[in-house]
Structures are given as structure tokens and as C-alpha cells.
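Enquirer: Structure, please.
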Amino acid sequence: MQLLIDIQYFETNTLIDTDFDANKAYNHMVRAHEIQLYELYGKELYNRIQTALAGTPTADEQELIDLSKPFVCSATEVNYLPFLATPVTAKGVQERNGNFTQSSNDTNKGLMVENFRADMEIYAERVREYLRLNLDKFPEWKCKTGHGNFYTPIHGV
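Expert: Numbers count the residues shown, from 1 in each chain. The predicted structure is shown next:
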């Protein structure tokens, strides 16, 4: 699978301001591509962009790729954020409490994830708008109105 962003892009552009494991962030980035980006593009357009990334994208494809990068970064944040404070270990889900820190309550954690999810939806809408305006260049995109159950924030988890 070809990725729109790499770990360096994520580290530079993420709003997560803590030390994190780049390998684990990468795993969540892959999920953002496989789930959220696939859902946003649809199968045919996703496959077209994967093929373009493996070779040389056209100018139009590159514009879509560049416009989609913030979406993928935000989707990675949404996927990764819950695991920063509560890693899954062999002992189950753990809560990380370091010296001189206090774990945030569940309400604050939920609000933070929702803020990241809202950002992701804004970036998704920019991609949808670009695709709506360029249907002649991207006929593989099936959600021509941008409405319906093709992509909703409910599925952006």
C-alpha cells in the first residue's frame, strides 16, 4: 500500500504535542489510509490514487493527494489519540500515569477526540468539494452530491 503521508509529515503537522512511538503512530496512519481515506474516496478512486502513488501522479491527482494529506493526518490523530493515555498491553488496557502528572478525566479525553474528529471532517469536506468541482477528472468518485451515507463523521472513528 502506498501512503499519502509519511511519519515525518505526521510528526511535523500533528497537534499531538507529546513524545510518541513513531512505529505505533505509523500503524494508526496505515489504518487512516485503509479505513478513513478509503471510505472518503471510495474503492475505485482509492485504487486509482494508489496506482498513481506507485508511479507518477498527474497534476490533478497530485492536487487531490496534497489536499488529502491534512485529512489523513487528522484521521491518524483520531485513531492514535485514545492509545496515548491508555495503551493496550498484555495485561489489558492500562492508564499511563507518570510522575507529576494526573490523568485527564474521561469527559476531557472524549472532548479532545471529538475536536480532532471535527478537524478531520472539515478536511474531508474540502476533499469532497474538490471532487464535486472536478467530477470530469475523477469519474471514479461515486458520491457526487457529497451527501448520504457514503462518508459521515460517525464512521470517522
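Enquirer: tell me the pLDDT at Glu39?
Expert: Looking at Glu39, its pLDDT is 91.
Enquirer: can you confirm it is in a helix?
Expert: Yes: according to DSSP: H, G, I helix; E, B strand; the rest coil, Glu39 belongs to a helix.
Enquirer: For burial, what's the neighbour tally of it?
Expert: Glu39 has 17 neighbours, counted by other CB atoms under 10 Å. (C-beta placed from N, C-alpha, C; glycine too.)
Enquirer: ranges for the helices of this protein?
Expert: Counting by DSSP state H, the segments of the chain that form helices are 7-13, 22-31, 38-41, 43-54, 59-85, 106-133.
Enquirer: Dump these into JSON lines; add distance to Glu140 as well.
Expert: Formatted as JSON lines, the helices of the chain follow (distance: least, CB to CB, whole Å):
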{"stretch": "helix 7-13", "distance to Glu140": "25"}
{"stretch": "helix 22-31", "distance to Glu140": "22"}
{"stretch": "helix 38-41", "distance to Glu140": "8"}
{"stretch": "helix 43-54", "distance to Glu140": "4"}
{"stretch": "helix 59-85", "distance to Glu140": "11"}
{"stretch": "helix 106-133", "distance to Glu140": "10"}
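Enquirer: Compare those and give me the one nearest Pro139.
Expert: helix 43-54 (8.7 Å; CB to CB).
Enquirer: Could you name the helices and strands sitting against the closest one?
Expert: Contact analysis of helix 43-54 by 3 or more CB pairs under 8 Å, 6 or more residues apart in numbering; DSSP states H and E lists helix 59-85 as its packing neighbours.
Enquirer: how much does the helix it packs on deviate in direction from helix 22-31?
Expert: Here the directions of helix 59-85 and helix 22-31 differ by 130 degrees (axes from the mean of the first three to the mean of the last three CA atoms, to 10 degrees).
Enquirer: now helix 59-85: mean pLDDT?
Expert: Per-residue scores along helix 59-85 average to 87.
Enquirer: Next, the angle from that helix to helix 106-133.
Expert: Going by the same axes, to 10 degrees, helix 59-85 makes 170 degrees with helix 106-133.
Enquirer: Give me the angle between helix 59-85 and helix 43-54.
Expert: Computed with the same axes, to 10 degrees, the direction of helix 59-85 lies at 100 degrees from that of helix 43-54.
Enquirer: Since that was my last question, I'll sign off now.
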